[in-house]
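Undergrad: Here's a sequence, model it:
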Amino acid sequence: MTRKERYEYILAYFRKEMPITTTELQFTTAFELIVATLLSAQCTDKRINQVTPELFAAYPTPLAMSQAEVYEVFEYIRSVSYPNAKAKHLVEMAKMLVEQFNGEVPEKREDLMKLPGVGRKTANVVQAVWFGKATMAVDTHVYRVSHRMGLVPKTANTPLKVEETLYKYIPEEDVPNAHHWLLLHGRYVCISRNPQCAKCVFDKICPKLLEDSKLE
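TA: This next block holds a predicted model:
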């Protein structure tokens, strides 16, 4: 099976079985989404969803969070990974949103990536989920699944290279969903340790390229 055929098979399955999908993070506004996504780096969505309700209640807008002290934000997120750095980023991000973007989350990737703590992955998530853009956020799960299933060559050894390769094969209209399809498959089936190949619907077509499939 060629790489193109593998893509066609996988995408056809997801289009049928998961036509509507989105992030498992809980949010109601663009600001809540970018905060939750920033917090989710190297942490589970389940944990983030446990801490954000109180955080959002205390700081529902960029203006409210911009007026907080870092130590105050820290108390709400102390159970997530790297809480000190993330608390600092959240306050600084909120201040920049207020001072440079009129308290609104910007739509352009280059503007999003100006925000403290916001990298390309987070920017792509916000663009895809909130603004409906055809962007592919490559996190650990997407990176791992893309390599294991032979969707990208070994030379795609950075998140950006994986992202660029996926764009070549995935139709633009599928890109926003494809991020979640690959992420959820990596989170629940093609897990980092002991992938669940026996219950994987792609087992028969998967080359199982387990070597070098982790994001370094």
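Undergrad: any idea how far Ala94 lies from Lys88?
TA: Relative to Lys88, Ala94 is positioned 11 Å away (C-beta to C-beta, to the nearest Å). All C-beta atoms are positioned from the backbone trio N, CA, C, and that covers glycine.
Undergrad: Over to Phe31?
TA: 17 Å.
Undergrad: Compare the two (neighbour count), which wins?
TA: Taking other C-beta atoms under 10 Å, Phe31 and Lys88 do not tie; Phe31 has more neighbours (25 against 17).
Undergrad: helix or strand for the more buried one, which one?
TA: According to DSSP states H and E, Phe31 maps onto helix 30-39.
Undergrad: Output the contacting helices and strands for that helix.
TA: helix 45-58, helix 83-100, helix 120-129 (3 or more C-beta pairs under 8 Å, 6 or more residues apart in numbering; DSSP states H and E).
Undergrad: and the angle for that helix with helix 83-100?
TA: For helix 30-39 against helix 83-100, the angle by axes from the mean of the first three to the mean of the last three C-alpha atoms, to 10 degrees is 150 degrees.
Undergrad: Give me the residues contacting helix 30-39.
TA: 23, 25-27, 48-49, 51-52, 55-56, 60-62, 65, 77, 80, 86, 89-90, 93, 97, 104-105, 112, 115, 117-118, 122, 125-126, 129-130 (C-beta atoms under 8 Å, 6 or more residues apart in numbering).
Undergrad: do that again at 7 Å, thanks
TA: For helix 30-39, the external contacting residues (C-beta atoms under 7 Å, 6 or more residues apart in numbering) are 25, 27, 48, 52, 56, 61-62, 77, 80, 86, 89-90, 105, 117-118, 122, 125-126, 129-130.
Undergrad: Relative to the whole chain's centre, how far out is it?
TA: On the basis of C-alpha atoms, centre = their mean, to the nearest Å, helix 30-39 sits 11 Å off its chain's mean C-alpha point.
Undergrad: who touches stretch 162-172?
TA: 4, 7, 11, 134, 136, 138, 143, 146, 151-152, 156, 178.
Undergrad: brain fart, stretch 118-134
TA: So stretch 118-134 is in contact with 22-23, 30, 33-34, 37-38, 93, 105, 107, 109, 112-113, 135-139, 159, 172, 175-176, 179, going by C-beta under 7 Å, 6+ apart.
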